[in-house]
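In: Pasting a predicted model and its sequence here:
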Amino acid sequence: MKREDSKIPICEVSVIHEDIINKVKEAMPEETKLYDLAELFKVLGDTTRIKILYALFESEMCVCDIAALLGMSQSAVSHQLRILRQNKLVKFRKEGKVVYYSLADDHVKKIFEQGFDHINE
């Protein structure tokens, strides 16, 4: 039924398919898990971080090399790497004074592959 004053459809029934609601409610992850997932997508919502992750698909790299590749300052790259590290998307190792970054695990690459599959449909 439509509201006369605004022509916006409204639902006058509070529950139509209670069995579906209960099934979905049971399957719904905890609120904290949904929050963490939303935060992950926020981190992935930055083009610079996407470029850094994509570079790390190809090879482990140091900050200097990533900065040169992307035409950015080392400070800007370090800032983005810190965010990626805090969100468990990259890991690092030290060799002398040089710090090398790589993907944290294969999940990161799978997320990208799924994303590319989706946008290429």
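Out: In hand now; what should we look at?

In: now residue 67, what's its secondary structure?
Out: Assigned state for residue 67: helix (three-state reduction, DSSP: H, G, I helix; E, B strand; the rest coil).

In: Distance of it relative to residue 105?
Out: 24 Å (Cβ to Cβ, to the nearest Å). C-betas here are computed from N, CA, C, even on glycine.

In: Between those two, point out the one with more neighbours.
Out: Just comparing residue 67 and residue 105: by other Cβ atoms under 10 Å the higher neighbour count belongs to residue 67, 18 against 12.

In: List the buried residues for the helix or strand harbouring residue 100?
Out: Element membership of residue 100, judged by DSSP states H and E, is strand 98-103. By neighbour count on 16 or more other Cβ atoms under 10 Å, the buried set for strand 98-103 is 100, 101, 103.

In: Quickly run through the sheet partners of it, with directions.
Out: According to DSSP bridges, strand 98-103 forms sheet pairs with strand 61-62 (antiparallel), strand 90-95 (antiparallel).

In: what would these look like in a markdown table with distance to residue 52 and mean neighbour count?
Out: Output for the strands paired with strand 98-103, formatted as a markdown table (distance: least, Cβ to Cβ, whole Å; neighbours: other Cβ atoms under 10 Å):
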| stretch | distance to residue 52 | mean neighbour count |
| --- | --- | --- |
| strand 61-62 | 9 | 18 |
| strand 90-95 | 8 | 13 |
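
In: Kindly reformat those strands as JSON lines containing distance to residue 10 and mean pLDDT.
Out: Below are the strands paired with strand 98-103 laid out as JSON lines (distance: least, Cβ to Cβ, whole Å; pLDDT from 0 to 100):
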{"stretch": "strand 61-62", "distance to residue 10": "55", "mean pLDDT": "98"}
{"stretch": "strand 90-95", "distance to residue 10": "47", "mean pLDDT": "96"}
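
In: So which of those strands is nearest residue 36?
Out: strand 90-95 (17.1 Å; Cβ to Cβ).
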